[in-house]
Structure formats: structure tokens, C-alpha cells
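**Student:** need a 3D model of the sequence below.
(2 chains)
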2 protein chains.
Amino acid sequence: MFQLRSIKHCRSCGAPAQYRVPADDNRERAVCSVCGTVHYENPLNVVGTVPIWDEQVLLCRRNIEPRYGKWTLPAGFLELGETTTEGAMRETDEEAGARIELLGLFTVLNVVRVGQLHLYYRARLLDTNFAPGPESIEARLFNEADIPWEELAFRTVRETLACYFSDRRRGQFEVHCADIS
Amino acid sequence: MFQLRSIKHCRSCGAPAQYRVPADDNRERAVCSVCGTVHYENPLNVVGTVPIWDEQVLLCRRNIEPRYGKWTLPAGFLELGETTTEGAMRETDEEAGARIELLGLFTVLNVVRVGQLHLYYRARLLDTNFAPGPESIEARLFNEADIPWEELAFRTVRETLACYFSDRRRGQFEVHCADIS
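**Tutor:** Below you'll find the model as predicted:
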């Protein structure tokens, strides 16, 4: 969850910052009491993939908090200097050591409670030689019937997997948008 | 354009921050030299709409920099505490004073050069009683033939409008993803 009012000092000069509504604005921001710099805080993007091999989907078991030991699709924070597709591929490599071909944007999920927007892409695995990175305990392929629904790490993962299997059954994939409360 | 290495001081304690690769990370972050707080910098989301009235699209003429005097679709930075659809509707209200019904996600555009992801929604105007806010000189409806292509403020606006008219001609709207260099 994002920390509200976490900016105590100015990033430019180090002086104390105070939360107030700047001129020409309509919401409180951290404003430097000395140099006047306004510090904005905005939602973060999480990008990931649904990596598919035949009928199976690749999940990773988390080796880090939060949700240590739970299963997730490969995903992580989008970084400066990369596109959402580059970020999704990087995370798939970092967390699962998996090589993929991206197939298209699949879910766009707002998680306002934690100040995040999650974007998942469908992907085709190029091989099954996974090499999970330090953030994963293991990476494994699951048939739909074996998905550990009660052991998934995040609701956006559950939503994305549910949309994936539903779309696959009807033979057509769309972009799904939803808000996770 | 985002400012690289703009964090000089720690937001928690005000001490000087230094850019280095933290343990368990693989890229440089601003790390506090005293309390060790790691400060992440990530892309920002811009959310907006393509507001339609019959055959016409609503554009706003910018009253602020950058691109003062140029035409744009209503759009702005996504704020904490709102979903992308809420943000798109808020910006349409703030910049054009326009009431709309959202019709669906339309473009997802990476602008890596400035560290932004732009998301535009198609929208139906509920009436033509616009009331442009202080950020707009005017708000006006345009037929496709009258779009001021050479006077548009941003390449994401151009891309979104081009996709809109193209999709409308073939009678089917899709979600379009692209990278703006």
C-alpha cells in the first residue's frame, strides 16, 4: 500500500516540506518550505505477462514479501527508460528466466487502494527452460484444472487468469479493463 | 521530459542522497547517505478522452505550457486515489467542462522519452455546454476534415485521433497500443 504524506523533506534542497494546496492546483502536495518545489505523488505501473506453453500457463512462486510462497504471474514495476512491453518481458526474464514472444495487451487493472495500475500481456513461451531468479522459489507450468486459485499472490493475477481461461474457452481474446477494490 | 538524477536529498530525513545500485537491485537509485531510504522514480500515467458529439470530436486549446496555444484532447496526470477512468473523466471536466459517458479504453501509448504512459478512452458527450477551465483557452468541436493536424499539442493526441478516424471508417473500434519515439 502506498504511504500517504510520506514526503517530509524536499528532494531538491533537503528543507522540510509541508502538505498544502499549491497555487493553480486543487489538491494537497508536499511543497518545500524554503525553495517552493512541489513534489507530486502518482500511481505506479506494474507490468507482467501470461506466459503460455500449449495448454499450460507459467506461474512463479514468490521468494519475497509480500505474499512469500504464493503463486504469481511474472510481473513488477515499470521502470523509467522502458516501454510497458519491454518491462513485461524484463520481468518475465527476471522472475522466471523465461523467453517469450508477446501476443498483445490483455488486462488493464486499477488497484486504487495501493496506487497501482497493472497491465498484463499474453505471451507465448519459446521453450520450457526456465531459470527462476532470486525473487522466485520456483517457476512451473499449470493446466487450468491445477491452478492454485487459493494460493495466488494477488487479485490482479486471479482476475487476469480468470479472463484468460474464459476468453480461451470462447475462442477470442480481448483487452479486459477492471477495477480491483 | 523527466529529469534524470533529480533527487538530491532524502524525502524522509533531508540528508544528501547518492545515486548507486542498492543491494538486491540492478539499477541506480537515489539512496539516502544517512538513513538508507531508497527513492524510486517511475513512469507517470497520463489519462484522457476522445469526446464525440455526432461526427465531431472535442478539442481544447492549451492555455498553459508546454505547447501553449496548441490543440489537444482533454488529458492529464493520473492522481493517487482515482482509477484511470475516473482520472480521464476528471480531466475532461477540468479542461473542457464537458460531461461525458465513457465508452471504453482506446489507446495505450508509451512515451519513453518523457517517462510517460498515455491512456485514452473513447467518450460520448452528453451535451455541448462546454465550460473550459483555466488550463484551456477554448474548447471546440471539429469535424474530421477540420482537425488542425499541424497545430496539435502532442504526438499521442495525433496518434489517438488518427486511430479514431481510421477505426470509425472501418466501423470497428479496438484498443490500440503503440510506442511514441
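
**Student:** what's the longest helix in chain A?
**Tutor:** helix A:155-170 (DSSP state H).

**Student:** distance from that one to the middle of the chain?
**Tutor:** Centre-to-centre, helix A:155-170 and its host chain are 16 Å apart (CA atoms, centre = their mean, to the nearest Å).

**Student:** list the buried residues of that helix.
**Tutor:** Across helix A:155-170, burial judged by 16 or more other CB atoms under 10 Å in any protein chain shown covers A:156, A:157, A:158, A:159, A:160, A:161, A:163, A:164. (Each C-beta comes from the backbone N, C-alpha and C, glycine too.)

**Student:** next one: the most centrally placed residue in chain A, what pLDDT does it get?
**Tutor:** The geometric centre of chain A, computed from its C-alpha atoms, lies nearest to residue A:46 (CA atoms, centre = their mean), at 2.6 Å. Residue A:46 carries a pLDDT value of 98.

**Student:** for it, give its distance to chain B.
**Tutor:** Using CB to the nearest CB, to the nearest Å, residue A:46 is found at 10 Å from chain B.

**Student:** surely residue A:181 meets residue A:113?
**Tutor:** Yes. Counting by CB atoms under 8 Å, residue A:113 is a contact partner of residue A:181 at 7.1 Å.

**Student:** more crowded one of these two?
**Tutor:** Counted by other CB atoms under 10 Å in any protein chain shown, residue A:181 and residue A:113 do not tie: residue A:113 has more neighbours, with 12 against 8.

**Student:** circling back to that earlier point, is chain B within reach of the longest helix of chain A?
**Tutor:** No. Against chain B, helix A:155-170 shows no contacts by CB under 8 Å from any CB of the partner chain, the least distance being 13.3 Å.

**Student:** and that helix, what other elements does it pack with?
**Tutor:** strand A:44-53, strand A:100-111, strand A:116-125, strand A:176-179 (3 or more CB pairs under 8 Å, 6 or more residues apart in numbering or on different chains; DSSP states H and E).

**Student:** how about 7 Å then?
**Tutor:** strand A:100-111 (3 or more CB pairs under 7 Å, 6 or more residues apart in numbering or on different chains; DSSP states H and E).

**Student:** the strand it packs on pairs with which strands, and in what direction?
**Tutor:** strand A:116-125 (antiparallel), strand A:176-179 (parallel) (DSSP bridges).

**Student:** run the angle between it and strand A:44-53 for me.
**Tutor:** Put simply, strand A:100-111 runs at 140 degrees to strand A:44-53, going by axes from the mean of the first three to the mean of the last three CA atoms, to 10 degrees.

**Student:** state the mean pLDDT of strand A:100-111.
**Tutor:** In this model, strand A:100-111 has a mean pLDDT of 98.

**Student:** do the same with stretch A:137-145
**Tutor:** According to the model, stretch A:137-145 has a mean pLDDT of 98.

**Student:** which residues sit against it?
**Tutor:** Here stretch A:137-145 makes contact (CB atoms under 7 Å, 6 or more residues apart in numbering or on different chains) with A:53, A:55-61, A:63, A:96, A:98, A:130, A:132, A:165.

**Student:** check those for burial and list the buried ones.
**Tutor:** Judged by 16+ other CB under 10 Å, buried ones among these: A:53, A:56, A:57, A:58, A:59, A:60, A:61, A:96, A:98, A:130, A:132.

**Student:** restricted to helices, list these.
**Tutor:** Among the buried ones among the contacts of stretch A:137-145, DSSP H puts residue A:96 in helices.

**Student:** looking at the buried ones among the contacts of stretch A:137-145, which are in strands?
**Tutor:** Within the buried ones among the contacts of stretch A:137-145, residues falling in strands by DSSP state E are A:53, A:56, A:57, A:58, A:59, A:60, A:61.

**Student:** I figured the fourth one hits residue A:96, correct?
**Tutor:** Looking back up the chat, that one is residue A:58. Yes. Using CB atoms under 7 Å, residue A:58 is in contact with residue A:96, at 6.0 Å.

**Student:** what sits against residue A:87?
**Tutor:** Residues in contact with residue A:87 (CB under 7 Å, 6+ apart) are A:47, A:78, A:79.

**Student:** now residue A:76
**Tutor:** For residue A:76, the contacting residues are A:46, A:91, by CB under 7 Å, 6+ apart.

**Student:** bridged to it, which residues?
**Tutor:** Under the criterion DSSP bridges, residue A:76 forms beta bridges with residue A:47.

**Student:** mind checking how far it is from residue A:84?
**Tutor:** For residue A:76, the distance to residue A:84 equals 12 Å [CB to CB, to the nearest Å].

**Student:** same thing with residue A:35?
**Tutor:** 34 Å.

**Student:** more neighbours, these two?
**Tutor:** Applying other CB under 10 Å to residue A:35 and residue A:84 shows that residue A:84 carries more neighbours, namely 26 against 12.

**Student:** now residue A:130: closest residue in space, sequence neighbours ignored.
**Tutor:** Sequence neighbours aside, residue A:139 is the residue nearest to residue A:130 in space, at 4.3 Å (criterion: CB to CB, 6 or more residues apart in numbering or on different chains).
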